[in-house]
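>>> here are the coordinates; sequence isn't available:
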Ligand SMILES: CC(=O)SCCNC(=O)CCNC(=O)[C@H](O)C(C)(C)COP(=O)(O)OP(=O)(O)OC[C@H]1O[C@@H](n2cnc3c(N)ncnc32)[C@H](O)[C@@H]1OP(=O)(O)O
Ligand SMILES: CC(C)C(=O)C(=O)O
């Protein structure tokens, strides 16, 4: 059956939480939470092909490298691969001293025993068990009432105490997840958590983790935040509990839910790099961290080389990161459209090291995460003069004057429309070269002699005119006026600009001239030469030739 005409007959809205004095809306995130990566567990269990030992190790090292101190590495009772991976980490000392490995188990005795067995000899570990608490799970999956669900959790919590006591050399941290918390009645979630806390007896010095998952994201993020705040107010031993959020992204608001959950009192976040995980994924730790970073809050995770991290994640998950993925996607620091490019170019010009970052359209400085500025501006048929100018400036040191930017962008626009494709900086330069620098017909300046006496310049020009060498002479108040007077056509110079390209002995000069030939619109020419006077003469010839070609109907 396709979409219902009246969806309310099939679906219902999630109930609001009765918490009119909620405080989270007026809070801000001003410090990093405790991060826990679930890439090797929740992420891994959602892959078409779960990672083998090599991939798991590679990703584990990457997670350590970015600064994660809590890493859920396996569901050891699920498979021999997972069990062996935990053993490998422990037996071959792959776990840095300040890192807790975390493992997950169902609330079943034999699975819990095997889980503790997998951890033999570990220096410190977080052992995590879960029981689903929502009404549909109680009714449909477990076919158990609330009391027997609580009893399952309590029995497991007791077994945790017992098995941990058998390995006293390990620093144990316990974690309990009322799975499907976001779809459950809050009083029941609190009741089952309190029952587990009664067994574990945490203290402020030896806290336990209560992880409150949006196992399937099923409400707006403000509702999730209300749930977290309500829970934090009602759970016992709040000062001895680390409240953790574990959001999935079914409604596409996993990031928002997590951020609001932090405002609402959560201390800890579980998620995966770039949002891998069941269905639409776990919350993306990278986006969360960089959201904090771009608000001036140190996330305590290091994504200085985000592309290296992405490469490992893509290889291990056998899944590519979307080109629009926040912060890391191939296209997210790129502007194709004209007005964006214009603003970015002006923003870069205005940005200095001593002021806050405020380059328009770029929420982060790409270089902070190891990205170059190369891809920031790319030119296609949606682009304008700003982007074209930026690329010529960045790649070739050519700074077109404003009116010339307008003129040349029309040339580029025609070409992008014709090609229907993006144009690279080189293609744009080639077009500039063909259109302006190689505009040698009908008059090609071969060489010149310039004399200056009593403020009067005199030039002798050797010019190739249709294969025949001619000599033209002229004089005027400056070199350009002298060349204008030598030309066989009447032109008026409207504007002139010049600048150096590069520095030192290899520097070149670029000259730009705008002229008007009788009966024509103004047109530009460019000259580039080691000598600025020669460059200006070439610029004038370039402009004149373009004007002549247009007059003769040979160019647009
Ligand atoms: C939201 C999450 O991500 S939770 C984590 C989910 N991850 C995984 O399941 C990956 C690893 N899992 C596995 O390898 C297997 O499921 C195992 C080893 C844990 C269990 O395997 P099996 O014994 O074959 O059970 P199966 O996979 O069918 O799981 C369903 C059973 O677990 C029970 N169950 C589900 N969750 C729990 C829980 N938290 N505690 C206790 N029992 C549970 C179900 O009620 C069902 O029991 P039933 O067979 O008596 O009806
Ligand atoms: C085990 C729990 C934390 C889980 O993965 C979930 O609910 O999504």
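That came through, no problem. None of these values were measured; they are calculated from a predicted model. Residues are numbered from 1 along each chain as shown. Ligands and ions are numbered 1, 2, ... in the order given.
>>> tell me which residues of stretch 460-474 are tucked away?
By 16 or more other Cβ atoms under 10 Å, the buried positions in stretch 460-474 come out as 461, 463, 472, 474. Bear in mind the C-beta positions are built from the backbone N, C-alpha and C, glycine included.
>>> Could you pull up the mean pLDDT of it?
Averaged across stretch 460-474, the pLDDT comes to 97.
>>> Then stretch 14-23?
Averaging pLDDT along stretch 14-23 yields 96.
>>> List the buried residues for that stretch?
17, 19, 22.
>>> Contacts for it, please.
Stretch 14-23 is contacted from outside by 183, 186, 218-220, 223, 225-227, 229-230, 264, using Cβ atoms under 8 Å, 6 or more residues apart in numbering.
>>> Apart from its neighbours in sequence, what residue is nearest residue 531?
residue 509 (6.9 Å; Cβ to Cβ, 6 or more residues apart in numbering).
>>> And that neighbour, how far from residue 431?
The gap separating residue 509 from residue 431 is 21 Å, by Cβ to Cβ, to the nearest Å.
>>> Can you tell me the closest non-neighbouring residue to the residue in the stretch 201-350 of the chain positioned nearest to ligand 1?
Taking Cβ to the nearest ligand atom, ligand 1 has its nearest neighbour within the stretch 201-350 of the chain at residue 215, 4.9 Å off. The shortest distance from residue 215 to any non-neighbouring residue, by Cβ to Cβ, 6+ apart, is to residue 180 (4.6 Å).
>>> and that neighbour, how many neighbours?
Using other Cβ atoms under 10 Å, residue 180 has 23 other residues around it.
>>> how many other residues sit next to the residue in the stretch 351-500 of the chain that ligand 1 sits nearest to?
In the stretch 351-500 of the chain, the residue that lies nearest ligand 1 is residue 369 (29.7 Å; Cβ to the nearest ligand atom). Applying other Cβ under 10 Å, we find 20 residues neighbouring residue 369.
>>> Can you name the residues that contact the most centrally placed residue in the chain?
Closest residue to the average C-alpha location of the chain: residue 327 at 0.8 Å, with Cα atoms, centre = their mean. Residue 327 is in contact with 286-287, 290, 303, 306, 364, 369, counting by Cβ under 8 Å, 6+ apart.
>>> Dump the buried residues of stretch 460-474 to TSV, plus secondary structure.
Below are the buried residues of stretch 460-474 laid out as TSV (DSSP: H, G, I helix; E, B strand; the rest coil):
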residue	secondary structure
461	strand
463	strand
472	strand
474	strand
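>>> roughly how far apart are residue 73 and ligand 2?
14 Å (Cβ to the nearest ligand atom, to the nearest Å).
>>> Surely that residue touches residue 40?
Yes: under the criterion of Cβ atoms under 8 Å, residue 73 makes contact with residue 40 at 4.8 Å.
>>> what's the burial count for the residue in the stretch 301-450 of the chain positioned nearest to ligand 2?
Relative to ligand 2, the nearest point of the stretch 301-450 of the chain is residue 317 (16.7 Å; Cβ to the nearest ligand atom). By the criterion of other Cβ under 10 Å, residue 317 has 25 neighbours.
>>> who's in contact with the closest residue to it other than its chain neighbours?
Computed as Cβ to Cβ, 6+ apart, the closest residue to residue 317 that is not its neighbour in sequence is residue 276, at 5.3 Å. Residues in contact with residue 276 (Cβ under 8 Å, 6+ apart) are 39, 43, 46-47, 282, 313, 317, 319.
>>> Select from the residues you listed the one having the most neighbours.
When neighbours are taken as other Cβ under 10 Å, the top entry among these is residue 282 (31 neighbours).
>>> list the contacts for it?
Applying Cβ under 8 Å, 6+ apart, the residues contacting residue 282 are 38, 42-43, 246-249, 254, 270-272, 275-276.
>>> one more time with 7 Å
When contacts are counted by Cβ atoms under 7 Å, 6 or more residues apart in numbering, residue 282 is found next to 38, 42-43, 248, 271-272, 275-276.
>>> now swap in residue 440 and tell me
Taking Cβ under 7 Å, 6+ apart, one finds residue 545 in contact with residue 440.
>>> try the one 10 residues further on
Shown here is residue 450, whose contacts under the criterion Cβ under 7 Å, 6+ apart are 457, 459, 479, 533.
>>> ok, residue 248 touching residue 214?
Yes: Residue 248 is in contact with residue 214 according to Cβ atoms under 7 Å; the separation is 5.6 Å.
>>> So between these two, which is more surrounded?
residue 214 (30 against 25).
>>> Apart from its chain neighbours, what residue comes closest to the more buried one?
residue 182 (3.9 Å).
>>> So that neighbour: helix, strand or coil?
helix.
>>> show me what contacts it?
213-215, 217-219, 224, 227.
>>> Also residue 539?
511-513, 525-527.
>>> Among these, name the ones in strands.
Counting by DSSP state E, the part of those found in strands is 511-513, 525-527.
>>> Switch these over to JSON lines; also include pLDDT and distance to residue 440.
Converted to JSON lines, those look like this (pLDDT from 0 to 100; distance: Cβ to Cβ, whole Å):
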{"residue": "511", "pLDDT": "98", "distance to residue 440": "16"}
{"residue": "512", "pLDDT": "98", "distance to residue 440": "17"}
{"residue": "513", "pLDDT": "98", "distance to residue 440": "16"}
{"residue": "525", "pLDDT": "98", "distance to residue 440": "11"}
{"residue": "526", "pLDDT": "98", "distance to residue 440": "13"}
{"residue": "527", "pLDDT": "98", "distance to residue 440": "12"}
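>>> Redo the residues you listed as TSV? Include neighbour count.
Listed next are those as TSV, based on neighbours: other Cβ atoms under 10 Å:
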residue	neighbour count
511	24
512	25
513	29
525	25
526	25
527	26
